[in-house]
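[1] Provided below for reference: sequence and predicted model.
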Amino acid sequence: MIYCYSLFDEGRDQNGGGHRTAQIRDLLREAGLEWSELKESGGMNLLAKLAGLWMLRSVIGVRLPFRRRLGRQGAGYRAFRGRMGAPRHGSSVLLWESRDGAGMGAFGASLQREVPIIALPHNIESLVDDDRHNSFCEKGPARIGEEISQLAACKAVFTISWEESWLLKNSGCRALWLPYYPPKALLAELNRLRDKRASTGEFNLLFGSAENPPTLEGMREFLECYGRLRKPRQRPLIVAGHGTECLKPLAEGRDVRILGAVAPAQLDDLLMRSGCLIVHQARGAGALTRIVEALTAGIPTVVNPMAGRSVAHYEGVHTWRRAEELESLLERDLPIPPPLPRPGQQEAEFIATVLNLVGQAQVT
C-alpha cells in the first residue's frame, strides 16, 4: 500500500504547492500505481487529540517543531496509525510531502507502524521564516538540525531543489533531486499559451504573490533597482499578483502599472502578451515552479540568482547581477525558449524507489 500525505490538493490548490503534489500523483498514475491519501478527519475530541499528541511525542523522540496546530498533529497521528494497521514489512510506504498540518502525525504513525518513508519536501521548512503563520517554535538554525534528522530517518528524500539535495546529502540523508515538471493537465494549458504567443511582447511582467514575505521583499528590491535604471525602456512594466497593491508607492512617477490580483484568464492574457516574466527573490527555499511553467509556455524569464536557483541552467532563463545587465535584458526581444525536456531519469529513479519499498521491484 502506498500512503500519501500532502498539505495540498492536486485538484483544488492551483498554486506551486498544488502543482508539485499533482506532479507526484501523475508519476504514480503513469506507473500504474494506486495510493491512499492520508487526510485529516474531524470529530476527534480534545482529550483524544491530547492523547495522540502525547503518543506522537514519545514516538518521534523530540519535541514537536510547531507551536500551533498541535491538535491536528495528535489527531492525525491517531487517525493515520489506525489506517496503517499492524506493521507489514515490505508492503507499504509513505510519500511524505510536509511536516506541517498533520504532517508530523503521518511521520510518527509511519515510524510506529514500521512503514518506510520517502520524503518529498517542497522546501526545507526550517529555512522558511514565514511571519504570516509563525507556527514554528524556533527559527532557522535552531531547528534545522531536527528537521534534517527526521529526513535522515527516511529511506529516501526527493527534493524539488538541487541545492537542497546537495545540503541534505552532505548531512547524511539519501537525497536525490526530482526537478519540477508541470503535471499533465497544466502542461496542456501551458502548451496552448505557447501556441498563441507572439515573438515580441507589449510589456514586461513582474508577477508574484506579495502575501509571501520573500516574494514581497524581492519585488520591492527589484522595483527599487528598476527605478534607478537610466535608459528609457521600450516596454512598460506591469506588476501583478495578490497583495501587489502595496507596491504602488514604488511605482509613482515611473513607467510601471500595478494591477494587483488578477483572474486566471487575465493572467493567461498577460503571459501571452508579455515580452518576459521577471522573477526576483531576496531569499527563499525550494524552487520556483512558476519559472518552469513560464518556460514551458514559451515565455523567457529574467531572474536574479536567488530566484533562479535550480533552474538557471535551462535555456530561456536570463540571470542578471548588476543593473546594467538588467537594463540590457529589458531592452532586448528575448527569444522564445524551446520546450523543456521531461526529467525522465529522475522520474524513473523516484518510481523505482517506490516500487522497491513496496516489494514490487528490486533496485540495486
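    Looks like it arrived, so ask away. All values derive from a computational prediction rather than experimental measurement.
[2] quick one: residues contacting the nearest residue to Thr244 once chain neighbours are set aside.
    Distance criterion C-beta to C-beta, 6 or more residues apart in numbering; nearest residue to Thr244, sequence neighbours excluded, is Ala210 at 4.7 Å. In short, each C-beta sits where N, CA and C put it, glycine included. By C-beta atoms under 8 Å, 6 or more residues apart in numbering, Ala210 lies in contact with Leu216, Met219, Gly241, His242, Gly243, Thr244, Cys246, Leu247.
[3] for the first one, helix, strand, or coil?
    Going back to what we said before, that points to Leu216. Of the three states, Leu216 takes helix according to DSSP: H, G, I helix; E, B strand; the rest coil.
[4] helix, strand or coil for the residue nearest to it when sequence neighbours are not counted?
    Closest residue to Leu216 apart from its sequence neighbours, by C-beta to C-beta, 6+ apart: Ala210 at 4.3 Å. Judged by three-state DSSP, the three-state class of Ala210 is coil.
[5] strands along this protein, start to end?
    Secondary structure of the chain (DSSP state E): strands located at 2-5, 36-37, 93-96, 117-119, 156-159, 175-177, 203-207, 237-240, 256-260, 274-279, 301-303, 317-319.
[6] need these in JSON lines (columns: distance to Ala185).
    Listed next are these as JSON lines, based on distance: least, C-beta to C-beta, whole Å:
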{"stretch": "strand 2-5", "distance to Ala185": "18"}
{"stretch": "strand 36-37", "distance to Ala185": "18"}
{"stretch": "strand 93-96", "distance to Ala185": "20"}
{"stretch": "strand 117-119", "distance to Ala185": "24"}
{"stretch": "strand 156-159", "distance to Ala185": "22"}
{"stretch": "strand 175-177", "distance to Ala185": "24"}
{"stretch": "strand 203-207", "distance to Ala185": "21"}
{"stretch": "strand 237-240", "distance to Ala185": "23"}
{"stretch": "strand 256-260", "distance to Ala185": "26"}
{"stretch": "strand 274-279", "distance to Ala185": "21"}
{"stretch": "strand 301-303", "distance to Ala185": "22"}
{"stretch": "strand 317-319", "distance to Ala185": "24"}
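[7] now mean pLDDT too, for those strands, in TSV please.
    TSV is the format used below for those (pLDDT from 0 to 100):
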stretch	mean pLDDT
strand 2-5	93
strand 36-37	90
strand 93-96	94
strand 117-119	96
strand 156-159	97
strand 175-177	97
strand 203-207	93
strand 237-240	94
strand 256-260	91
strand 274-279	94
strand 301-303	96
strand 317-319	97
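[8] quick one, which of these gets closest to Arg192.
    strand 274-279 (15.8 Å; C-beta to C-beta).
[9] let me see the contact set for the closest residue to Leu237 other than its chain neighbours.
    Nearest residue to Leu237, sequence neighbours excluded (C-beta to C-beta, 6+ apart): Val256, at 4.8 Å. If you count contacts by C-beta under 8 Å, 6+ apart, Val256 has them with Leu223, Tyr226, Pro236, Leu237, Ile238, Val239, Leu250.
[10] just the buried members of those?
    Buried by 16 or more other C-beta atoms under 10 Å: Leu223, Tyr226, Leu237, Ile238, Val239, Leu250, out of the contacts of Val256.
[11] which among these gets closest to Gly145?
    Among these, and counting by C-beta to C-beta, the member closest to Gly145 is Leu223, at 36.8 Å.
[12] ok, the closest one touching Glu252?
    No - shown here, Leu223 and Glu252 do not form a contact pair, counting by C-beta atoms under 8 Å, at 10.7 Å.
[13] mutual contacts of the two, please.
    Contacts common to Leu223 and Glu252, judged by C-beta under 8 Å, 6+ apart, are absent.
[14] next one: stretch 149-157 to chain centre, how far?
    19 Å (C-alpha atoms, centre = their mean, to the nearest Å).
[15] repeat that for stretch 273-282.
    With C-alpha atoms, centre = their mean, you get 18 Å for stretch 273-282.
[16] in it, what counts as buried?
    Arg273, Ser274, Gly275, Cys276, Leu277, Ile278, Val279, His280, Gln281, Ala282.
[17] how about CSV for those residues, with distance to Ala188 added?
    As requested, the buried residues of stretch 273-282 are arranged in CSV below (distance: C-beta to C-beta, whole Å):
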residue, distance to Ala188
Arg273, 20
Ser274, 20
Gly275, 24
Cys276, 23
Leu277, 20
Ile278, 26
Val279, 23
His280, 29
Gln281, 28
Ala282, 34
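[18] who touches Arg309 in this structure?
    Ser161, Trp162, Glu163, Gly284, Ala287, Leu288.
[19] count of neighbours near the fourth one?
    The tally of other residues near Gly284 (other C-beta atoms under 10 Å) stands at 20.
[20] and it, how far from Cys276?
    Using C-beta to C-beta, to the nearest Å, Gly284 is found at 20 Å from Cys276.
[21] noted, bye for now.
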